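>>> Let's see this in three dimensions:
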Amino acid sequence: MKKQFKIQGRRTFSEALRKQIVGQIERCELSVTEVSREYEVSKYSVYRC
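Have a look, this model is predicted:
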């Protein structure tokens, strides 16, 4: 049985969502690790936000 790989397209998040996430990190409601897991992005991507 062959493995099938799903090719994911590039995702973009709205500016409003990015600001909300940054606010939650600044208020210590979420950590960078939690955000990266929840939104399935790398920690580097979170820091670039």
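>>> which residues sit against stretch 39-49?
Stretch 39-49 is touched from outside by 13, 18, 21-22, 25, 32-33, 35-36, with contacts defined as CB atoms under 8 Å, 6 or more residues apart in numbering. (Each C-beta comes from the backbone N, C-alpha and C, glycine too.)
>>> Emit the PyMOL select command for whichever of those residues are buried.
Buried members of those, defined by 16 or more other CB atoms under 10 Å, are picked up in PyMOL with:
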select buried, resi 21+25+35+36
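>>> Now, the contacts of stretch 39-49 that are in helices?
Members of the contacts of stretch 39-49 lying in helices (criterion: DSSP state H): 18, 21-22, 25, 32-33, 35-36.
>>> What are the buried residues along the helix or strand bottoming out on mean pLDDT in the chain?
Least confident helix or strand, the chain: helix 43-48 with a mean of 89, by mean pLDDT, DSSP states H and E. By 16+ other CB under 10 Å, the buried positions in helix 43-48 come out as Val46.
>>> And the residue nearest to Leu30 when sequence neighbours are not counted, how far from Ser42?
Closest residue to Leu30 apart from its sequence neighbours, by CB to CB, 6 or more residues apart in numbering: Gln24 at 4.5 Å. The gap separating Gln24 from Ser42 is 18 Å, by CB to CB, to the nearest Å.
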